[in-house]
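In: would you be able to build a 3D model of this:
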Amino acid sequence: MGLFNLGGRKPVVGSVVLHRDGTRFLAAQRNYPAALNGRWELPGGKSEPGETPQQTLKRELKEELGITVDVVRKLNGSVNVPNSSLKLQVWVVRHTGGTPRLIEGHSQIKWLTKDNLMSVNWLDSNLSFVRQIPSYLS
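Out: Numbering: from 1, shown residues only. So this is what the prediction gives:
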């Protein structure tokens with residue numbers, strides 16, 4: 001897939017980081033900005049000029065969580081992020097290296113399963129994507 005075409009909105013990507021065992025995925029709790037502090041998200045970040053979504057995910061997940069991933073596929077849809085000029089896409093990625101750790105942007109991370117995926121307070125912009133996750137878990 002190529003560069004984003006999002007109708008003038010700035011691209012941001014999130015990821016469903018699948019654990020190697022295929023039964024869990026990674027969720028991250030925001031620690032900024034204040035309005036989002038404590039809410040949970042599918043980790044990722046903003047694209048830099050000329051970056052593909054896949055390149056963005058690999059860079060952001062390495063910078064924020066210290067992990068390497070292989071990008072598998074894009075989830076259905078994209079969402080305008082409330083109170084911003086951002087448009088969110090979410091991709092399924094497979095965790096290939098490194099132990100997830102807090103480096104920047106988050107106060108907590110945890111592996112979730114089909115049974116507890118709604119146990120955290122998700123960002124509204126992530127909910128339509130979170131509902132798609134069970135079909136990717138063993």
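In: pLDDT weak spots in this protein?
Out: Along the chain, segments meeting pLDDT under 70 span 1-7.
In: ends of stretch 72-85, what's the gap?
Out: Stretch 72-85 has its terminal residues 27 Å apart, counting by Cα to Cα, to the nearest Å.
In: helices and strands around the one helix or strand E60 maps to, which ones?
Out: Per DSSP states H and E: E60 is located in helix 53-65. Helix 53-65 makes packing contacts with strand 10-18, strand 25-30, strand 44-46, strand 68-74, strand 86-97, strand 106-112 when contacts are defined by 3 or more Cβ pairs under 8 Å, 6 or more residues apart in numbering; DSSP states H and E. Yep, even glycine has a C-beta here, placed from its N, CA and C like the rest.
In: which one of those lies nearest to L61?
Out: strand 68-74 (5.5 Å; Cβ to Cβ).
In: adjacent strands (with direction) for the helix or strand following that closest one?
Out: Sequence order places strand 79-80 as the next helix or strand after strand 68-74, per DSSP H and E. Strand pairing for strand 79-80, using DSSP bridges, gives strand 86-97 (antiparallel).
In: burial check on D70, number of neighbours?
Out: 14 (other Cβ atoms under 10 Å).
In: I'd say it and T96 touch.
Out: Yes: shown here, D70 and T96 form a contact pair, counting by Cβ atoms under 8 Å, at 5.4 Å.
In: pick the most buried one from the helices and strands packed on helix 53-65.
Out: Each of the helices and strands packed on helix 53-65 was scored by mean neighbour count; the highest is strand 10-18, a mean of 24, by mean count of other Cβ atoms under 10 Å.
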